[in-house]
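Asker: Predicted coordinates and the sequence they were generated for:
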Amino acid sequence: MGLAQNLVFGLVTGSYIAIAAIGFTLIYGIVNMINFAYGEYLTVGAFVGVLVAGALPLPLPVAALVAMAAGGLASLVLARAFFTPINHTGPVPMLLTSIGLGLALRNGIRLAGGRSARYFDTDTTTFRFEGLPDLPVGPVDLLGDLFVTTEQLVVVGSAVAVFLALHALLTRTDVGIAMRAMGDDEDLARVRGIDTQTIRDSVWVLAGVLAALAGVLIGMQTNVSAGTGFSYILQILAAAILGGAGSPYGAIAGSYIIGLVLALSTAFLPTGMTGISTAIAFLILVVVLLVKPSGIAGQEVREA
Amino acid sequence: MSPLDRLPGGDAERAMLVGVVCILLAALFALTPLVASVPGGFYVVFEVGILFVVYGILVLGLDLQYGHTGLVNFGHVVFFAVGAYTVAMLSAQEPFAGIGLGYPWPLALVAGVLVATLLGAVVGATSLRLRDDFLAIATLATAEIFHTLFVNFRGVFGGNVGIIGVPQPVSNLAADSDTTLVATLLLFGGLTAVTFAAVTRLTEAPYGRVLRAIRADELVTRSVGKSTFTYKMQAFVYGAALAGFAGGLFALYNGAVAPGYFTIQVTVTIWIGMLLGGASNHRAVLAGLAIIMGLRLFSRFALGVAPVSADAFASIRLIVVGLILVAVIRYRPAGIWGDARELGVDS
């Protein structure tokens, strides 16, 4: 497999990590917590998506929207039930609570959904839109030996759409501007009349929506199981910290760097060693924390 | 004057006495033809009991780091794993996969502690300046990196199978498998009691007051002239060394190491035990750990009568464990026996 093919994989991986990492980093920047249960939000989205697309069955874009709605709702409910009540206790109790919640959620999904992996049946229904010609499904031959699947194009396209929508939200809407204000200085934002609890809730919903979308997109690339989200959490964290915790634009940059590093390390590592590519992502995480903890575009995380 | 009055008074002295008595009893079982017999259904009690005392050393070390000094180490399992793997690699005879050098086990145990200590020093020196939650992430990622290495470097660490053929000294000395279980529990329990005595001595000394002062307010502690980084490093390294020791004991009892024994689940169990009992109180953290391990024991017994599959049961147990962690932080942030004022948490 050529280098170009790996770059495609890196771009795709970077895209869904980026969608997830934006939500993660917004929670960090505005609620001021590392939400370790966030990986499970991806899983919830993927499972709801598979269920709606497979069991009902509805076309995949509709299933994705339902999954995103479910993800946003789940995120808000979980935040209200578990995180908002202990908001005042500081980052460590919040982190520990999210670890406990993640453990419970992961095993709850395993209990409800079983241990076997689930698939989106992308061959039959998925990319048909009323009034539009059918999109081709399966590999598209681009440059002789470079193959890109429609699913991969959908992932990258979704990511671009999310970035544009996010940029519009943060620069053009009151909620988005309030989010940025809170990320900069919460007390100042409150004094200036921003309803901080409402903004926090909006961030939780937005993060849940993005996580669910990322989960559905991951599910389209491969299968999903109860452990899927957890297997991505450290990569999401690595991307967010590399980009600068709290900075959504940084998270996008960090995600593509992580995605490309993962894909290229697969190309250069000997067979049988490809498993350590995740270790490389974590190594980036640790090195960034040690060398430049503020990341590409974020705030200081060292002790004063 | 009754003989009881002549028993030592303090916690540390009492624990030391209990520890030495347990170790001597273990030696009695292991070295003489004396045999013990374990009633059929109680094997699991001994197995979980041995795991409890091994984890007990881990939780005492973690409590030194978090309970006393406030260091949020969420990768504690890595020091446990590194101790165990070092012992296995140095002492194992002819494993299927991975390195087994066949050196004597006492040498391997010492090396296991040293390697864990060294790793603790490296991780501490690089990460202890990070803010609490980022320290947690850095340590957790370190543990995951090592886990990935253990799984993927088959030629060195034996991959998912791990390394087998680690000598089991107690098993080799004792007459039969029942006696081995009893002697191992007594020996490891004794070593945990001795560890308890040592950390109690350390934290009751003025040294321990400095550690707790760092936890309460690092800036103030620094401003009265204490090099807080040095103290934090020491507490972190002591905890790592204890974890390496516990890992070495585990390998020598288990006769094998594999990545499955050293997952994030171990870290979570230790943390929940510590928080549930009440961080910064040595007896409380052991009691909290006993509750969590008791849950494991109970669930093993309950599995026999419950109308669900083993898989479902395992999931339910982990849901309960996760929710206990959530509930403790929310409703008893100082733990069951902890001192809320000393820990500076509001409940």
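Answerer: Great, that's in hand. Residues are numbered from 1 along each chain as shown, chains lettered A, B, ... in the order given.
Asker: In terms of pLDDT, where does the residue nearest the centre of chain B sit?
Answerer: Nearest to the mean C-alpha position of chain B, counting by C-alpha atoms, centre = their mean, stands B:Leu58 at 1.9 Å. Listed pLDDT for B:Leu58 reads 97.
Asker: mind checking how far it is from chain A?
Answerer: In this view, B:Leu58 and chain A are 17 Å apart by C-beta to the nearest C-beta, to the nearest Å. Every residue, glycine included, has its C-beta placed from N, CA and C.
Asker: quick one, what contacts that residue?
Answerer: Residues in contact with B:Leu58, defined by C-beta atoms under 8 Å, 6 or more residues apart in numbering or on different chains, are B:76, B:80, B:242-243, B:246, B:266, B:270.
Asker: Backbone dihedrals for B:Ile163, please?
Answerer: Per-residue torsions, B:Ile163: phi -120, psi 120 (degrees, to the nearest 10).
Asker: Run through the bridge partners of it.
Answerer: B:Val257 (DSSP bridges).
Asker: and it, how many residues sit next to it?
Answerer: The number of residues packed near B:Ile163 is 28, by other C-beta atoms under 10 Å in any protein chain shown.
Asker: Could you pull out the strands in the stretch 1-150 of chain A for me?
Answerer: Ranges of strands in the stretch 1-150 of chain A, per DSSP state E, counting those that start in this stretch, are A:139-141, A:147-149.
Asker: Determine which of those shows the lowest mean per-residue pLDDT.
Answerer: Minimum mean pLDDT among the strands of the stretch 1-150 of chain A: strand A:139-141, a mean of 56.
Asker: Mind telling me what element the residue of the stretch 151-300 of chain A found nearest chain B is part of?
Answerer: In the stretch 151-300 of chain A, the residue that lies nearest chain B is A:Ala279 (3.8 Å; C-beta to the nearest C-beta). Using DSSP states H and E, A:Ala279 falls within helix A:277-291.
Asker: just B:Val78 next, same as before
Answerer: helix B:76-91.
Asker: With A:Ile252 instead?
Answerer: Assigned by DSSP H and E, A:Ile252 falls in helix A:248-268.
Asker: gap between that helix and the chain center?
Answerer: 13 Å (C-alpha atoms, centre = their mean, to the nearest Å).
Asker: what is the orientation angle of it with helix A:277-291?
Answerer: Put simply, helix A:248-268 runs at 140 degrees to helix A:277-291, going by axes from the mean of the first three to the mean of the last three C-alpha atoms, to 10 degrees.
Asker: wait, does helix A:248-268 make contact with chain B?
Answerer: No - against chain B, helix A:248-268 shows no contacts by C-beta under 8 Å from any C-beta of the partner chain, the least distance being 12.0 Å.
Asker: got a list of what residue 286 touches?
Answerer: This is for chain A. B:126-127, B:138, B:141-142, B:145.
Asker: sorry, should have said chain B
Answerer: If a contact means C-beta under 8 Å, 6+ apart, then B:Leu286 has B:56, B:59-60, B:196, B:273, B:277 as its contacts.
Asker: Any idea which helix or strand in the chain has the lowest mean pLDDT?
Answerer: Unless you meant another one, I'm taking chain A. strand A:139-141 (a mean of 56; mean pLDDT, DSSP states H and E).
Asker: Would you map the helices across the stretch 51-200 of chain A?
Answerer: Using DSSP state H, counting those that start in this stretch, the helices of the stretch 51-200 of chain A run over A:60-78, A:91-113, A:150-172, A:174-184, A:186-191, A:196-221.
Asker: Buried ones in the first one, by neighbour count?
Answerer: Just to be clear, that refers to helix A:60-78. Buried residues in helix A:60-78, counted by 16 or more other C-beta atoms under 10 Å in any protein chain shown: A:60, A:63-76, A:78.
Asker: Grab the nearest non-local neighbour of A:Leu169.
Answerer: A:Gly176 (4.0 Å; C-beta to C-beta, 6 or more residues apart in numbering or on different chains).
Asker: Chain B contacts on the stretch 201-304 of chain A?
Answerer: A:234, A:237-238, A:241, A:272-273, A:275-276, A:278-279, A:282-283, A:285-286, A:289-290, A:293, A:301-303.
Asker: Narrow these to those that are buried.
Answerer: Buried members of those, counted by 16+ other C-beta under 10 Å: A:234, A:237-238, A:241, A:276, A:278-279, A:282-283, A:285-286, A:289, A:293, A:301.
Asker: returning to what we had before: so the helix holding A:Ile252 versus helix A:174-184, what angle?
Answerer: If you take the same axes, to 10 degrees, helix A:248-268 sits at 80 degrees to helix A:174-184.
Asker: What residues sit buried inside helix A:248-268?
Answerer: Quick answer for helix A:248-268 (16+ other C-beta under 10 Å): A:248-267.
Asker: Stretch A:176-193 now?
Answerer: A:176, A:178-179, A:181-183, A:186, A:189.
Asker: what do you get for stretch A:224-235?
Answerer: So for stretch A:224-235, counting by 16+ other C-beta under 10 Å, buried means A:224-230, A:232-235.
Asker: Please apply the same query to stretch B:111-119.
Answerer: B:111-113, B:115-117, B:119.
Asker: ok, back up a step: please flag which of the contacts of B:Leu58 sit within strands.
Answerer: Of the contacts of B:Leu58, none are assigned to strands by DSSP state E.
Asker: Would you mind checking those residues for buried ones?
Answerer: Buried members of the contacts of B:Leu58, scored by 16+ other C-beta under 10 Å, are B:76, B:80, B:242-243, B:246, B:266, B:270.
Asker: among those residues, which two are most distant?
Answerer: Largest separation among the buried ones among the contacts of B:Leu58 by C-beta to C-beta: B:Leu242 and B:Val266, giving 14.1 Å.
Asker: where does the stretch 101-250 of chain A have low pLDDT?
Answerer: Counting by pLDDT under 70, the stretch 101-250 of chain A contains low-confidence ranges at A:121-145.
Asker: What residues does the stretch 151-300 of chain B have near chain A?
Answerer: Applying C-beta under 8 Å from any C-beta, one finds that the stretch 151-300 of chain B approaches chain A through B:151-154, B:218, B:268, B:271-272, B:275.
Asker: same thing but at 7 Å, please
Answerer: When proximity is defined as C-beta under 7 Å from any C-beta of the partner chain, the stretch 151-300 of chain B approaches chain A at B:151-152, B:268.
Asker: closest to chain A among these?
Answerer: Nearest to chain A among these, counting by C-beta to the nearest C-beta, is B:Asn152 at 4.2 Å.
Asker: still on that earlier bit, helices or strands next to the helix holding B:Val78 in the packing?
Answerer: If contacts are counted by 3 or more C-beta pairs under 7 Å, 6 or more residues apart in numbering or on different chains; DSSP states H and E, helix B:76-91 sits against helix B:43-62, helix B:105-127, helix B:132-152, helix B:228-254, strand B:256-257, helix B:264-277.
Asker: With respect to A:Leu95, which of those lies nearest?
Answerer: helix B:132-152 (5.0 Å).
Asker: which other residues reach the next helix or strand after the closest one?
Answerer: Remark: after helix B:132-152, the chain's next helix or strand is helix B:154-157, criterion DSSP H and E. Here helix B:154-157 makes contact (C-beta atoms under 7 Å, 6 or more residues apart in numbering or on different chains) with B:85, B:97-99, B:149-150, B:163.
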